[in-house]
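S.K.: Got a sequence here, can you model it:
(4 chains)
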Number of protein chains: 2
Amino acid sequence: MSVTLKDVAQAARVSVSTASRALTGTGLTSERTQQRLVRIARELGYRPNPIARGLKTGQSRLVALLVHNLTNASFQVMAEVVQARLKTLGYQMLLCIGGDDPQQESDTLTTLVDHRIDGLIVVPTGKNGAQLETLSKDVPIVCLVRRDDATDLETVLADDPQGAYLGTRHLIELGHKRIGLIVGRQDTTSGRERLSGYVRALREAGITRDDTLIHAGHFVPETGATCARKLLDLPRPPSAIFVANHEATLGVLRVTAERNIVIPDDLSLLCYEDMPWFEWHRPAISIVDNGARDLANLAVDRLLHRMDAKGNGNDGVREYRVGAKLIKRDSCRQIDAPPPARSGKSKSSSSKSSAAKSAKV
Amino acid sequence: MSVTLKDVAQAARVSVSTASRALTGTGLTSERTQQRLVRIARELGYRPNPIARGLKTGQSRLVALLVHNLTNASFQVMAEVVQARLKTLGYQMLLCIGGDDPQQESDTLTTLVDHRIDGLIVVPTGKNGAQLETLSKDVPIVCLVRRDDATDLETVLADDPQGAYLGTRHLIELGHKRIGLIVGRQDTTSGRERLSGYVRALREAGITRDDTLIHAGHFVPETGATCARKLLDLPRPPSAIFVANHEATLGVLRVTAERNIVIPDDLSLLCYEDMPWFEWHRPAISIVDNGARDLANLAVDRLLHRMDAKGNGNDGVREYRVGAKLIKRDSCRQIDAPPPARSGKSKSSSSKSSAAKSAKV
DNA sequence: AGCGTTTCTGCAATCGTTTGCAGTTTATCG
DNA sequence: CGATAAACTGCAAACGATTGCAGAAACGCT
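M.R.: Below is the predicted model of the structure:
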């Protein structure tokens, strides 16, 4: 069907081995035959068969990325970054979706190594440490975003303690004293670390921690809604909510919408991780950016390093941190300022309607 | 490193061929040895090497999905659906991102067939018809969402004429007479078809088509912004905009926000294809749902059918259509109703603020 | 028991590459 | 020119599975 090395060799009247050496450029052939073979191969449209090559070399030119889903904007950009980087190096990306489910993760991992992937970037569930550890003997692995505590695999993490600290401090600087926190499960690194950053900022500002303001939960929008309700039903509800669990954001917004709570007038809202629409939402939503793009790039760097180093790319470093940064938009307001007059509407919405009128002609 | 068939055969004191036959279940071995081998293989933790197998059989158990990006919500759910379906059948999905760029598409296609993928679902750019046609001789291909007019490949399409018709009719029924349309490039099927559905609805309602209300452009948010400005700057701007180009939505929203245009009071907005946040946006955005999930499922069905049929899965059908449906939310208003009083604010926002007050306590 | 079937098993070739080894050519230099 | 080293080339064996073919074993039947 397709042109094989043998065809090329025959056309050039040399042996298959010579052809192989010439085309892979191992430098063991004379300049002349080398060039001749390259030319002939091109003319014939020869493309090496990665499967056959893989069988011999044990490599597949396939690198897998295993994430939880594609709904999460961070995972999207990571996937795009990883794919783009790998492509330029002649690798294909095998994108797998594990759904944050240990069983699925485990299954996927085994089929991946069956396929003799050359490398793996994984956002671990944290429940398959032993398996990961074993696999890492066969194939370079880099963990991304989450640490699997049962392993000492190289891991590229967002600086969640810092990010949560930054976000909380921002709210405190705006005058907020009661800050609700909705955070991820406490059996994940990010969940714990974001909580700790929040606590540190509070402590630093001399605000005593109030556990009724802190809610941890699963990574689904429903959690956000439930937590938001609990927070808002408090006898003394918070003046700001820090949604440090990306998936919960939609749930929180639903609840504020249901209750006709105006952001930021009635409640300041700060979220973690960007979504493309946050910028267009009204009010535009302020966030702590975890640096997804940087994380992905670094993970690829580290993986490539390990793949080159053939097993001992161990530089001693176990953990890389990518800095978070605060992006201020319009969903957090200064609390010291007098609340907007109830009757006259807030500044933004009144200007809104007048401008709208003119736009209508 | 890992357990090979030879190891199993040795352990069972049979030849490799017997072992192979027993484990692949070709039925040419005695019941007893078969079971014995299966047991031994399990004990040894034997996992067949897909690469070696692939070399011999020409199959890879890899199916590729080539989409333009992962930002588009439709592509996300398609990727998730395809991945999930394939996994249960023992295939791995190779997700590729072509960026709607013919060059990238072409490159990706060649490396994919190099890897001897068993099947391909592709959202074609429309510029590589010849190549696709050629490849389809080697590997089953199903086109998704877009048709490549240069081929007669089996194609699974959204029913765009119907979707656009439905959406436009909805706006007409609400009393809109001047309906702006922002639609995709006219060299794509969906671009043309959505335009035609819009036109049909107009004609059916006896509204004469006004070409100043129709804008076609590339699939990026900037296009949406540009088109929205042009529409709103018209001497007689439209009372509703139908954004039939998914990527343009954010741009349109930006412009309405910039100009403080209140939706739906000042302008009704109807979009094409859902995004998870449309439901939470205020106002919640009404859409025409193209049925991404169904599309993906059907594409997988057709692909599997072709893969089974080994080359002649040609049932004569070239084109499958998946129905669109209208999802009404809050971004389109009845135009016959008197516009809300300018001073007193709209119903929704006044109730909003009072409820907010009580929520604050 | 003898013969023909049927059922099972093993040998060996094959898929398309890479690569160690040995053999052959070419270059180098006295 | 001839010896020696250097550079190149080809043979053949891998890699780990599948599969056609032929031989061996088991079975049924007269």
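
S.K.: Next, whichever residue of the stretch 51-200 of chain A sits closest to DNA strand C: secondary structure please.
M.R.: The stretch 51-200 of chain A approaches DNA strand C most closely through residue A:52 (3.2 Å), counting by C-beta to the nearest atom of the strand. The C-beta positions use only the backbone N, C-alpha and C, and glycine is treated the same way. Of the three states, residue A:52 takes helix according to DSSP: H, G, I helix; E, B strand; the rest coil.

S.K.: how about the nearest residue to whatever residue of the stretch 151-300 of chain A ends up closest to DNA strand C, chain neighbours excluded?
M.R.: Nearest residue of the stretch 151-300 of chain A to DNA strand C, counting by C-beta to the nearest atom of the strand: residue A:300, 24.3 Å away. Closest residue in space to residue A:300, ignoring its immediate chain neighbours: residue A:85 at 4.6 Å, by C-beta to C-beta, 6 or more residues apart in numbering or on different chains.

S.K.: and the one you found, backbone torsions?
M.R.: Phi and psi for residue A:85, reported as degrees, to the nearest 10, are phi -60, psi -50.

S.K.: Could you give the number of residues near it?
M.R.: 19 (other C-beta atoms under 10 Å in any protein chain shown).

S.K.: Residue A:259: neighbour count?
M.R.: A count of nearby residues for residue A:259, using other C-beta under 10 Å, gives 18.

S.K.: any idea how far chain B is from it?
M.R.: To chain B, residue A:259 is 5 Å away according to C-beta to the nearest C-beta, to the nearest Å.

S.K.: So that residue sits against residue A:232, correct?
M.R.: Yes. At 6.8 Å, residue A:259 and residue A:232 qualify as touching, with contact defined as C-beta atoms under 8 Å.

S.K.: And the strands in the stretch 1-150 of chain A?
M.R.: For the stretch 1-150 of chain A, strands defined by DSSP state E, counting those that start in this stretch occupy the ranges A:62-67, A:92-97, A:119-122, A:141-144.

S.K.: Run through the residues that contact the closest residue to residue A:333 other than its chain neighbours.
M.R.: Nearest non-adjacent residue to residue A:333, counting by C-beta to C-beta, 6+ apart: residue A:264, 3.9 Å away. Residues counted as contacts of residue A:264 (C-beta atoms under 8 Å, 6 or more residues apart in numbering or on different chains) are A:283, A:330, A:331, A:332, A:333.

S.K.: can we see that at 10 Å?
M.R.: Applying C-beta atoms under 10 Å, 6 or more residues apart in numbering or on different chains to residue A:264 gives the contacts A:174, A:239-240, A:270, A:283, A:285-286, A:329-335, A:346, A:348.

S.K.: swap in residue A:227?
M.R.: Going by C-beta under 10 Å, 6+ apart, the list of residues near residue A:227 reads A:180-183, A:214-217, A:241, A:243, A:245, A:248, A:251-252, A:255.

S.K.: Helix, strand, or coil at residue A:326?
M.R.: strand.

S.K.: how far away is it from residue A:178?
M.R.: Note on residue A:326: its distance to residue A:178, by C-beta to C-beta, to the nearest Å, is 20 Å.

S.K.: Give me the more crowded residue out of those two.
M.R.: Neighbours around residue A:326 and residue A:178, counted as other C-beta under 10 Å, are more numerous at residue A:178. The numbers are 18 against 14.

S.K.: Excluding chain neighbours, what is closest to the more buried one?
M.R.: Excluding the flanking residues, the one nearest residue A:178 by C-beta to C-beta, 6+ apart is residue A:238, at 4.3 Å.

S.K.: my guess is the one you found contacts residue A:261, does it?
M.R.: No. Applying C-beta atoms under 10 Å as the test, residue A:238 and residue A:261 come out as separate, 11.7 Å apart.

S.K.: where do the contact lists of those two overlap?
M.R.: Both residue A:238 and residue A:261 are in contact with A:232, A:267, where contact means C-beta under 10 Å, 6+ apart.

S.K.: Please identify which of those two sits among more neighbours.
M.R.: Neighbour count, other C-beta under 10 Å: between residue A:238 and residue A:261, residue A:261 has more, with 24 against 21.
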